[in-house]
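Visitor: Predicted model, plus sequence, below.
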Amino acid sequence: MLNSTVKNYYTILQIPENSGREEIIRAYRQLAKKYHPDVNKAPDAHEKFCEITEAYDFLLNHWPQHAANYPGSYNYEQKYDDYSKSDDYERFRREAKERAQHQARMRYEKFRKQHEAFQQSGINDLGLIFTSFIRFLSLPVFLFLFTAPVILAIQENWASIFLILLMWPFAIGIAWYYRDNRENYFFPGKLYYSPDRIRHMFTDRHPASQNCYYCPGHPADSVPYKMELLKLKDIKLKTGGFRQHNVNYINQDIAVIIPRSQKAFIIHSVIALIKVLSVIGFMIFLNISSFTWRMIAGIIAGATAGYLILVISRTKSNVSYLVSYGLLFRVFLWLICIALATRFYVSPFDIQTTDSIHFVITAIVIFDSFLMQLASLILGKYATKPITAQYSESASRFGEGYSAYNDIPVLSFIYPLYKWIMG
């Protein structure tokens with residue numbers, strides 16, 4: 001017969017009292033996943049998680065092992081009573097709670113670091129700015145839906161008043177959404193890169209024990225450059241029948257921290273800004289018909305301007321690791337495909353794309369990953385290895401098979417372009 005406290009441990013894990021090791025482990029994993037504070041937001045989730053961990057630790061590592069040390073004439077309750085009165089038991093309970101609290105914090109710390117890295121990447125700020133822009137655009141849409149039927153009815157024909165039946169429900173829906181989200185509708189979140197934070201990034205200097213990699217001879221007294229690399233470990237395919245397929249890429253991720261000086265940080269930031277302005281400027285102001293070639297021209301102009309700044313300032317690029325023979329191979333083939341779907345005119349000068357350009361762009365986004373695999377078959381390790389010399393640690397990582405991004409559809413096309421522009 002078991003002591004009531006030991007029974008309680010089995011009850012906490014929701015398993016029978018005669019359960020073996022496998023049942024204990026399986027029950028703990030299910031309950032820990034259910035009550036982990038990162039998943040369960042209930043007020044008592046943290047305490048429940050600690051109870052589950054304590055019960056698991058005792059039943060798996062203390063109770064069966066301790067019971068085996070006694071002769072067969074002792075019953076379980078007597079063995080537990082002897083153990084529960086010892087200093088070892090109190091020390092176990094204290095250590096079990098500490099381990100549970102550490103495990104609860106561990107995933108939160110990992111989540112916090114991932115969230116902070118996401119914030120620092122600038123993607124979150126871009127998303128917030130885009131969301132605010134779209135929401136501001138909803139104002140004229142609302143005004144049009146609300147006022148257009150009335151104005152048409154007054155100026156044209158009173159029969160147009162029936163447009164209210166079609167347009168006002170949408171206007172009322174938008175107004176209702178405004179009302180429910182009135183506190184943070186136009187500004188849905190706080191930007192990570194506030195003006196004050198940006199000012200400190202450009203003015204603060206840190207104690208430096210290393211030299212800058214990008215500007216030899218300068219101390220690495222600014223924000224280091226974080227190069228994120230990955231190596232594919234496995235691909236898991238799950239299928240549950242027709243149209244129920246899932247592919248998971250299992251990667252080994254590392255981050256190479258490259259020392260950087262204040263000068264290099266400013267140069268890299270200025271070049272990123274020039275690239276953004278170049279692409280946007282050419283898309284808006286270049287006087288040719290094709291938007292595709294406007295973007296290509298903006299990229300070429302931004303790359304040229306950035307290269308000249310690097311040469312004049314004697315600074316190394318922070319995104320040169322993206323340029324590999326495989327990337328050049330893919331870019332060359334895709335430019336040929338775009339050119340074949342283009343008409344070039346000399347007098348007057350103009351560049352126009354045919355209707356097939358939509359198919360070409362779709363193919364680039366979807367099938368670029370397959371072309372990336374073809375480049376790997378043809379070029380081997382040089383497909384993802386940077387053309388130019390790199391920081392010693394990152395060069396060794398590339399030699400070990402790490403790369404800058406996966407050959408996943410969409411990502412293989414968009415990610416290198418985004419990293420090249422934003423740095």
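Guide: Noted; the coordinates are in hand.

Visitor: Tell me where the chain has strands.
Guide: 225-239, 245-258, 342-345, 350-353 (DSSP state E).

Visitor: and these, which is most packed in?
Guide: Ranked by mean neighbour count under mean count of other CB atoms under 10 Å, the strands of the chain are led by strand 350-353, which reaches a mean of 16. (Glycine included, C-beta is placed from N, CA and C.)

Visitor: Distance from the chain centre to that one, please.
Guide: 37 Å (CA atoms, centre = their mean, to the nearest Å).

Visitor: ok, now which ones touch the closest residue to Thr131 other than its chain neighbours?
Guide: The shortest distance from Thr131 to any residue other than its chain neighbours is 5.3 Å, reached at Pro188 (CB to CB, 6 or more residues apart in numbering). If a contact means CB atoms under 8 Å, 6 or more residues apart in numbering, then Pro188 has Leu128, Thr131, Ser132, Arg135 as its contacts.

Visitor: Of those residues, grab the buried ones for ChimeraX.
Guide: Restricted to buried positions by 16 or more other CB atoms under 10 Å, the ChimeraX selection for those reads:
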select :128,132,135
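
Visitor: Tyr382: which of the contacts of Pro188 is nearest?
Guide: Using CB to CB, Leu128 is the member of the contacts of Pro188 that lies nearest Tyr382, at 39.6 Å.

Visitor: okay but Ala175 is in contact with Phe142, surely?
Guide: Yes - in this structure, Ala175 is within contact of Phe142 by CB atoms under 8 Å, at 6.6 Å.

Visitor: More neighbours: the two, which one.
Guide: Phe142 (18 against 14; other CB atoms under 10 Å).

Visitor: Chain neighbours aside, what residue packs nearest to the more buried one?
Guide: Ile174 (4.6 Å).

Visitor: The residue nearest to Thr131 and Phe136, how far apart?
Guide: Applying CB to CB, to the nearest Å, the value for Pro188 to Phe136 is 12 Å.

Visitor: And Lys97, by the same measure?
Guide: 51 Å.

Visitor: and if you look at Lys33?
Guide: Distance of Lys33 to Phe136, given as CB to CB: 42 Å.

Visitor: any idea where the helices of the stretch 151-300 of the chain begin and end?
Guide: Counting by DSSP state H, counting those that start in this stretch, one finds helices in the stretch 151-300 of the chain at the ranges 164-180, 195-203, 262-285, 291-313.

Visitor: How about the stretch 301-423 of the chain?
Guide: Here the stretch 301-423 of the chain has its helices, by DSSP H, counting those that start in this stretch, at 325-340, 357-379, 392-399, 411-422.

Visitor: Now do Ala278: how many residues are near it, please.
Guide: Careful, residue 278 is Ser; it's not Ala. For Ser278, using other CB under 10 Å, the count is 21.

Visitor: ok, now which ones touch the nearest residue to it once chain neighbours are set aside?
Guide: In space, Ser278 comes closest to Gly302 once its chain neighbours are excluded; the distance is 3.5 Å by CB to CB, 6+ apart. For Gly302, the contacting residues are Ile274, Lys275, Val276, Leu277, Ser278, Val279, Ile421, by CB under 8 Å, 6+ apart.

Visitor: Include distance to Ile24 when you put the strands of the chain into CSV, please.
Guide: CSV is the format used below for these (distance: least, CB to CB, whole Å):
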stretch, distance to Ile24
strand 225-239, 28
strand 245-258, 28
strand 342-345, 67
strand 350-353, 65
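
Visitor: Quick check: which of the ones you listed is nearest to Ile312?
Guide: Minimum separation from Ile312 across those (CB to CB) falls at strand 225-239, 20.2 Å.

Visitor: what's in contact with that closest one?
Guide: Strand 225-239 is contacted by residues 214, 245-258, 260, 268, 318, 321, 391, 394, 397-398, 400-406 when judged by CB under 8 Å, 6+ apart.

Visitor: again, 7 Å this time
Guide: 245-258, 260, 318, 321, 394, 397, 401-404, 406 (CB atoms under 7 Å, 6 or more residues apart in numbering).

Visitor: now the angle between helix 411-422 and it, please.
Guide: Going by axes from the mean of the first three to the mean of the last three CA atoms, to 10 degrees, strand 225-239 is angled at 160 degrees with respect to helix 411-422.

Visitor: how far does strand 225-239 sit from the chain's center?
Guide: With CA atoms, centre = their mean, you get 13 Å for strand 225-239.
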